[in-house]
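**Student:** coordinates for the following, if possible.
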Amino acid sequence: MNTYAILSFFTVVLILAGSLVWYQVKSDEYIVKPALVLNRQGAWQYSYNPRIGLMLREIKAGNIYDKNGVLLATSDKSNFQKNKARLTALGANTVLYNEQLAREQERYYPFGSDLLFWLGDYNKDIAREESAGYAAEFRHYTMLRGFEVNYTTTERTTDRYKENKFLPETIKDNELALYDYSALAPFIKAGKDSKLIELQNNKPKDIWLSLDVLMNEKINAIIQSQAPYKNFRTAVVAINAKTGDVLSSASNPSPSYKDQKLISNIEPDDYRNIYRQIFNDRMVVPQDLGITYTSRPGSTVKVIDAYAAFNQYGLGAANFSFFVYPAEVIRADEPSNENVDMRKAIVRSSNVYFIKLANEKNCSLLFFRCMTCWA
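**Tutor:** Numbers count the residues shown, from 1 in each chain. Alright, predicted model coming up:
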């Protein structure tokens with residue numbers, strides 16, 4: 001009996017020891033491996049080890065610069081102070097600059113809310129979604145801490161998805177992004193007080209954006225102070241036609257931290273219902289209007305098509321009109337069963353009008369020439 005008990009004991013010990021050895025060998029993989037779970041709506045998502053986020057917060061983020069090396073965001077208060085004279089000369093608000101210098105905060109933003117959608121705000125945790133803007137602080141979160149995190153996409157199907165609690169369960173396909181955080185495994189195992197954190201903090205982790213902040217500030221100054229732009233929600237985007245780089249995305253009015261905080265607390269299902277109750281008829285910029293918001297005319301091709309007509313026929317082209325029949329309409333909200341001129345076609349985004357303009361006025365050749373010149 002004692003022999004069997006001793007054998008059983010050593011068997012258990014060997015199993016436990018083997019498990020521990022296996023875990024040590026594979027720990028770098030398992031410590032960052034996510035779990036596949038269903039969220040509240042019944043859709044699949046990956047759930048990651050919360051220690052990943054906690055560890056990343058211990059690492060000091062690098063600086064963000066524009067294409068010309070102008071400082072846009074930093075964790076170094078002394079660097080922020082040193083650049084004050086140069087950055088206020090480029091358009092940074094002196095009052096807001098001084099307010100930041102008077103506080104201790106994790107990140108400092110020389111151009112304040114003017115670049116809220118370009119950068120996001122790490123201190124206030126707002127404008128962090130890519131649906132709001134470029135959000136460089138969050139889009140490049142791991143890169144700013146010195147890690148290259150790659151991802152792969154996978155397809156998953158669930159039959160338990162409910163768009164809201166009042167609707168029945170349906171089938172839904174999800175495209176999931178699986179992030180590889182294996183580079184962080186040694187840091188998580190070593191702990192937040194390890195030498196690895198100190199070494200990582202001293203590494204260069206700066207990034208440069210395609211933004212030309214001086215151009216962006218000059219455009220902001222114009223559309224926020226001059227009629228007619230200042231009286232309307234206005235967006236201006238400048239692009240380098242050779243490379244496709246976005247150089248600026250300016251807006252009127254300037255984004256508001258207070259408005260963004262309110263918007264971030266609104267549930268998506270309730271957004272349309274309570275938006276007007278909160279903001280009334282005040283002009284509000286909820287996102288980067290030039291980059292992420294679809295608005296009429298909706299397509300630059302329509303504007304270029306109009307330029308082609310003006311180039312060929314002169315200013316009289318503005319008077320060209322075409323009757324649009326209901327059967328021709330491509331989208332339900334386009335004008336139909338009426339004569340449509342160029343102004344109405346641009347304001348109401350009439351696809352049919354511009355198709356007829358190009359074909360019936362023989363603008364095709366000039367259209368392509370115009371596109372080349374414009375680019």
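**Student:** end-to-end on stretch 344-362?
**Tutor:** Chord length of stretch 344-362, first to last residue, is 21 Å (C-alpha to C-alpha, to the nearest Å).
**Student:** buried ones in that stretch?
**Tutor:** Residues of stretch 344-362 classed as buried: 344-346, 349-354, 356-358, 361 (neighbour count, 16 or more other C-beta atoms under 10 Å). For the C-beta atoms, the positions are set from N, CA and C on the backbone; glycine is no exception.
**Student:** could you do stretch 140-158 as well?
**Tutor:** So for stretch 140-158, counting by 16+ other C-beta under 10 Å, buried means 140-147, 149, 158.
**Student:** quick revisit: and the buried residues of stretch 344-362 as TSV, adding secondary structure, pLDDT and distance to Lys162?
**Tutor:** Shown next, in TSV, are the buried residues of stretch 344-362 (DSSP: H, G, I helix; E, B strand; the rest coil; pLDDT from 0 to 100; distance: C-beta to C-beta, whole Å):
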residue	secondary structure	pLDDT	distance to Lys162
Lys344	helix	91	42
Ala345	helix	89	41
Ile346	helix	87	41
Ser349	coil	85	34
Ser350	coil	89	38
Asn351	helix	87	35
Val352	helix	90	39
Tyr353	helix	91	42
Phe354	helix	88	41
Lys356	helix	89	45
Leu357	helix	88	46
Ala358	helix	83	46
Lys361	coil	82	51
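**Student:** columns distance to Asn164 on top of these, output as TSV?
**Tutor:** As requested, the buried residues of stretch 344-362 are exported to TSV (distance: C-beta to C-beta, whole Å):
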residue	distance to Asn164
Lys344	38
Ala345	38
Ile346	37
Ser349	30
Ser350	35
Asn351	33
Val352	36
Tyr353	38
Phe354	38
Lys356	42
Leu357	43
Ala358	44
Lys361	49
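**Student:** domains in the protein, by residue range?
**Tutor:** Domains of the chain are assigned by automatic domain parsing as 1-30, 213-279, 300-374.
**Student:** in stretch 326-338, what counts as buried?
**Tutor:** For stretch 326-338, by 16+ other C-beta under 10 Å, it's 328-329, 334-336.
**Student:** likewise stretch 240-260?
**Tutor:** Quick answer for stretch 240-260 (16+ other C-beta under 10 Å): 246-256, 259-260.
**Student:** the spatially most central residue of the chain and Leu90: what is the separation?
**Tutor:** Nearest residue to the geometric centre of the chain (C-alpha atoms, centre = their mean): Glu130, 2.2 Å. Distance check for Glu130 against Leu90: by C-beta to C-beta, to the nearest Å, it reads 27 Å.
**Student:** Tyr48 - nearest residue in space that isn't next to it in sequence?
**Tutor:** Pro34 (4.7 Å; C-beta to C-beta, 6 or more residues apart in numbering).
**Student:** tell me the secondary structure at Lys203.
**Tutor:** Recorded secondary structure, Lys203: coil (DSSP: H, G, I helix; E, B strand; the rest coil).
**Student:** can you check the pLDDT for the closest residue in space to it that isn't next to it in sequence?
**Tutor:** Spatially, and ignoring its direct neighbours in sequence, Lys203 is nearest to Gly146 (5.0 Å; C-beta to C-beta, 6+ apart). In the predicted model, Gly146 carries a pLDDT score of 93.
**Student:** quick check: Gly146 touching Lys205?
**Tutor:** Yes: at 4.5 Å, Gly146 counts as touching Lys205 under the criterion of C-beta atoms under 8 Å.
**Student:** tell me, what's touching the two both at once?
**Tutor:** Counting by C-beta atoms under 8 Å, 6 or more residues apart in numbering, the common neighbours of Gly146 and Lys205 are Gly62.
**Student:** let me know the helix or strand that the residue nearest to the centre of the chain is in.
**Tutor:** Secondary structure assignment for Glu130, by DSSP states H and E: no helix or strand.
**Student:** gap between it and Tyr307?
**Tutor:** Remark: distance between Glu130 and Tyr307 (C-beta to C-beta) = 31 Å.
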